[in-house]
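> here's my sequence, what's the structure:
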Amino acid sequence: MNALAGLTFVSHAVLAQFELDWPAVTIPRRVVANGFDARAWRPERERTKTVLAIGRVTPGERAAGGGARGRRGPAPSSRLDDDLRRLRAGPLSDYFAAIVAALAPLGPQARLLVGRPFEEVKALNERAAIAIAPSVWREPFGRTCLEAHAGGAAVVSSGTGGLREISGEAALFLSAVEPMRIVEAVEALMVDEPLRERLAADGRARVERLFDVRRVSAALDDSALKRSRGRTVAWRLQILLSPSARRPTAAGASGAQLPHHPIRMKIRTSDRSKARSHRRIRRRRRRCGGG
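Coordinates of the predicted model:
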């Protein structure tokens, strides 16, 4: 892996884990997050009294799991008359059936939406007053949290993995990913409108400043240019046929010995091909409005 020019990671959380798992890799590393088109997201000024949870139906995600175990505490719906909207992908399972059963007592206050198109999900984010991202596992990035901020919702987050990098101080973080902690955080935002509006505004401003696609693509292009400028990339493919290797016969016995012939091949990038690559990157940046 040290033969590569460099590695790009989607979050500092992923980079830190990589450095723990691969201490012998010493090539340059850089973090360039996922981006979104801030111009395409239009948060509504008047928010619906909705708590939105988007995720896969897997126990580690817990966006759905929180609903499945919510019977341990009061339903967070008495003050905002909210819907609990839960989206999931994948086949039906016993875990999904448990979630459906847990939400049933809430009646029309809970809506379970399955496999919805992106435009509908985007519209829900742009209208919901509150969104929750209570993942248990260490999110490599956490795009659902990014989109909740982009849509202007106040976010409740577990802060695992890359989630804290997305939200900064613009979310209400859970002390533990447990049903009662989720209930307490959501109800705190229901009754505290100034806090809810401040977190929503700060979250939107943060992701627009840090994760707009024009900024992210420019950072990625800069990384590619820096890694290729002034470098001659040399690759060597060496196939070494061992003297002890033997050609098997039809009966499976050892046959004639293969010759020892190392084969070497070098591939080098020319200055002309590097210049063409740089021009393509600059043209793509101009199309994205990055200058």
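> output the lowest mean pLDDT helix or strand found in the chain.
helix 65-68 (a mean of 34; mean pLDDT, DSSP states H and E).
> distance-wise, check the nearest residue to residue 28 once chain neighbours are set aside relative to residue 221.
Among residues not flanking residue 28 along the chain, residue 6 sits closest, at 4.0 Å (C-beta to C-beta, 6 or more residues apart in numbering). Every residue, glycine included, has its C-beta placed from N, CA and C. From residue 6 across to residue 221, the span is 14 Å (C-beta to C-beta, to the nearest Å).
> comparing those two, which residue is more hemmed in?
More crowded of residue 6 and residue 221, by other C-beta atoms under 10 Å: residue 221, with 19 against 13.
> next one: that one, what pLDDT does it get?
We have a pLDDT of 75 for residue 221.
> which SSE is it in?
helix 213-228 (DSSP states H and E).
> okay, now the domains of this structure?
What automatic domain parsing lists as the domains of the chain is 1-32, 38-214.
> okay, now residue 217: neighbour count?
Residue 217: 19 neighbours (other C-beta under 10 Å).
> so where's the stretch 101-250 of the chain uncertain?
223-250 (pLDDT under 70).
> specify the beta-bridge partners of the nearest residue to residue 144 once chain neighbours are set aside.
In space, not counting the residues next to it along the chain, residue 144 is nearest to residue 54; the distance is 4.8 Å by C-beta to C-beta, 6+ apart. According to DSSP bridges, the residues that bridge with residue 54 are residue 87.
> pLDDT score for residue 54?
So, for residue 54, pLDDT stands at 89.
> that one and residue 145 touch, don't they?
No: between residue 54 and residue 145 there is no contact under C-beta atoms under 8 Å: 9.3 Å.
> higher neighbour count, those two?
Neighbour count, other C-beta under 10 Å: between residue 54 and residue 145, residue 145 has more, with 30 against 25.
> backbone dihedrals for the closest residue to residue 167 other than its chain neighbours, please?
Nearest non-adjacent residue to residue 167, counting by C-beta to C-beta, 6+ apart: residue 157, 5.6 Å away. For residue 157, the backbone dihedrals (degrees, to the nearest 10) come out as phi -140, psi 150.
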